[in-house]
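1. Please work out how this folds:
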Amino acid sequence: MLLLKLHFSISVLCLLTFLGFKHIMKDQIRKNGYIDDNNTKKKGFFSYWIFFIPIMNIIIVVMEFVMFSTKKSDLDKWCEEHKKANK
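-> Reported below is the predicted structural model:
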């Protein structure tokens, strides 16, 4: 029961961190190219259930930090170079 409570509290904390940083850094994320200006579709509440999968909640918060610190074109270029280097 303790493990379940711990998992739930960490999941809620990661969800709140993600939503807070997404709200605060929305202009920075849009400027880096991750959010299209034409895309006005809102995600529903159920799209945030992924935060209750044990490892995914931490990975998504780390991805959020990458989104507001790196331009999408630079990240795509790095991914292409990484793919070529591994072939």
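2. Got the phi and psi for residue 51?
-> The phi/psi pair for residue 51 (degrees, to the nearest 10) reads phi -70, psi -10.
3. And the pLDDT for it?
-> Residue 51 carries a pLDDT value of 73.
4. mind listing what it touches?
-> By Cβ atoms under 8 Å, 6 or more residues apart in numbering, residue 51 lies in contact with 11, 12, 14, 15, 18, 57, 60. Using the backbone N, CA and C atoms, a C-beta is placed for each residue, glycine as well.
5. From residue 35, how far off is residue 21?
-> 13 Å (Cβ to Cβ, to the nearest Å).
6. what does residue 17 give?
-> Distance from residue 17 to residue 35, by Cβ to Cβ: 18 Å.
7. what's the answer for residue 62, then?
-> Counting by Cβ to Cβ, the gap from residue 62 to residue 35 is 18 Å.
8. Could you check which of the two has the larger neighbour count?
-> Between residue 62 and residue 35, residue 35 has the larger neighbour count (other Cβ atoms under 10 Å), namely 15 against 10.
9. mind listing what the more buried one touches?
-> 26, 29.
10. How about residue 22?
-> Per Cβ under 8 Å, 6+ apart, neighbours of residue 22: 29, 64.
11. Remind me which helix or strand it belongs to.
-> Secondary-structure element containing residue 22, defined by DSSP states H and E: helix 2-24.
12. Check which element follows that helix along the chain.
-> Toward the C-terminus from helix 2-24 - assigned by DSSP H and E - lies helix 26-31.
13. Distance from the chain centre to that next one, please.
-> Remark: helix 26-31 is offset 13 Å from the chain centroid, using Cα atoms, centre = their mean, to the nearest Å.
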